[in-house]
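Asker: give me the fold of what follows.
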Amino acid sequence: MFERLERVPDDPILGLMAAYRADSSPSKVDLGVGVYRDQRGETPVLEAVRAAERALLEGQTTKSYVAPAGNPAFNQAMERLTFGSAHPALAAGRVRTIQGVGGCGALRLGAELIRTASPDSVLYVSTPTWANHVPLLSGCGLVLERYPYYDPASGGVRAEAMLSAIDALPAGSALLLHASCHNPTGADLSESHWRSILEIVRRRRLLPFIDMAYQGLGSGIEEDAFGIRLFAAELPELLVAVSCSKNFGLYRERAGALHIVSESAQASQAALSHQVRIARRLYSMPPDHGAAIVNRILSDETLSATWRRELEEMRRRIVALRQQLVRALAEACPRSDFGFIATQRGMFSFLGITPEQVRALRAEHHVYMTEDSRINVAGLRSENVEYFARAVAQVV
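Answerer: Numbers count the residues shown, from 1 in each chain. Here you go, the predicted structure:
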């Protein structure tokens, strides 16, 4: 049976990671893999996470399964973090949550639920979107199409084209939106954009599916959830996939959740029952360790304050790196305008260079990024920003 299988190409990001590890140059720069790195170039374990994990292990009495819906205390804590503890949708019992295997698992659960409820539905994703959105969401048989989003000329959102395209979608379509820190572009929707999309979604009877993988790393914890909270207050239905990988630094623990907002508590409970069945068929039970850590942090006032401080420090570091990078590029490449990098949010930006130039950066200067020139700004350190800018100048 297996001898008939042909080797599939390596995942571009995973292949880039392997090439970087094999590079012996002391000047090498990794801007490819999408993880936060500190000034030492490490992905740290947060102080709040260490303290919560210590307390968790000391008090843990069992390693038995959690339910298919996951850790209920974690689910409720994530609802409060995502929507705000006083949100009317929570007060009305319109929100139900299922723990996912990371943000990716939450996304897949949402796609499976759409497919279950409406097999002929089409899910529209931005151009571009996170590369793994397409195989992850279409893997259940859901059809994906595109809508315009990014403007390479300005480094911002093609608002008019985006709104026009969304306004032309068939009723009943699903619409994937990035809550903040758009991956791969860093170009975020403004509050005005969110309000315009809301009116179209309401009129066209679309289902918003919002992916929030970076809450707190864009403009702030509350600000990054603006679109979600607005939509949940104004619309009858909404899906929200959230990840704890970036803002809690729990990448390998695979902690995430899918929030289901329905018109009534009864409808939400019915949707959750389908989610539990879907989860049971896919992986049976979710892992608990990461979810238990997050719940411990969010339910403890001191740990929560420590986490919020650490998260704010991470956010400010990214903002400072963006500003430093723009200054360095302006000096190294005076005929090119990279000012848009400072206006974007989160870890990612498109540098806007060709695949050939990307390959030249890798071969000649040991700088690693994806072929579409997406860079992880958090992969830079203050001492190698100028080196990176000079390398870009030599290939542009």
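Asker: which strands or helices does the strand or helix carrying Arg80 pack on?
Answerer: Element membership of Arg80, judged by DSSP states H and E, is helix 72-83. Using 3 or more C-beta pairs under 8 Å, 6 or more residues apart in numbering; DSSP states H and E, the elements in contact with helix 72-83 are helix 88-91, strand 95-101, helix 226-234, strand 238-243, strand 255-261, helix 289-299. Placement of C-beta: from N, CA and C, glycine included.
Asker: so what's Glu253 up against?
Answerer: Shown in contact with Glu253 (C-beta atoms under 8 Å, 6 or more residues apart in numbering): 244, 287, 289-290, 293.
Asker: hmm, Leu142 is touching Leu123, no?
Answerer: Yes: between Leu142 and Leu123 there is a contact under C-beta atoms under 8 Å: 5.4 Å.
Asker: mind listing what's buried along the lengthiest helix in the chain?
Answerer: With DSSP state H setting the assignment, residue counts place helix 301-332 as the longest helix in the chain. For helix 301-332, burial by neighbour count (16 or more other C-beta atoms under 10 Å) applies to 303-304, 306-308, 310-311, 314-315, 317-319, 321-322, 324-329, 332.
Asker: ok, the nearest residue to Gly93 once chain neighbours are set aside - how many residues close by?
Answerer: Closest residue to Gly93 apart from its sequence neighbours, by C-beta to C-beta, 6 or more residues apart in numbering: Ala265 at 3.5 Å. Residues within reach of Ala265, counting by other C-beta atoms under 10 Å, total 13.
Asker: would you map out the domains in the protein?
Answerer: 10-44+316-395, 65-299 (automatic domain parsing).
Asker: what is the end-to-end distance of the first one?
Answerer: End-to-end distance for domain 10-44+316-395: 26 Å, by C-alpha to C-alpha, to the nearest Å.
Asker: what touches both of Leu142 and Leu123?
Answerer: By C-beta under 8 Å, 6+ apart, the residues touching both Leu142 and Leu123 are 111, 114.
Asker: centroid residue for the chain?
Answerer: Nearest residue to the geometric centre of the chain (C-alpha atoms, centre = their mean): Ala213, 2.8 Å.
Asker: isn't that one right up against Val240?
Answerer: No: with contact defined as C-beta under 8 Å, Ala213 does not reach Val240; the gap is 11.1 Å.
Asker: could you pull out the helices for the stretch 151-300 of the chain?
Answerer: 159-167, 191-204, 221-224, 226-234, 265-282, 289-299 (DSSP state H, counting those that start in this stretch).
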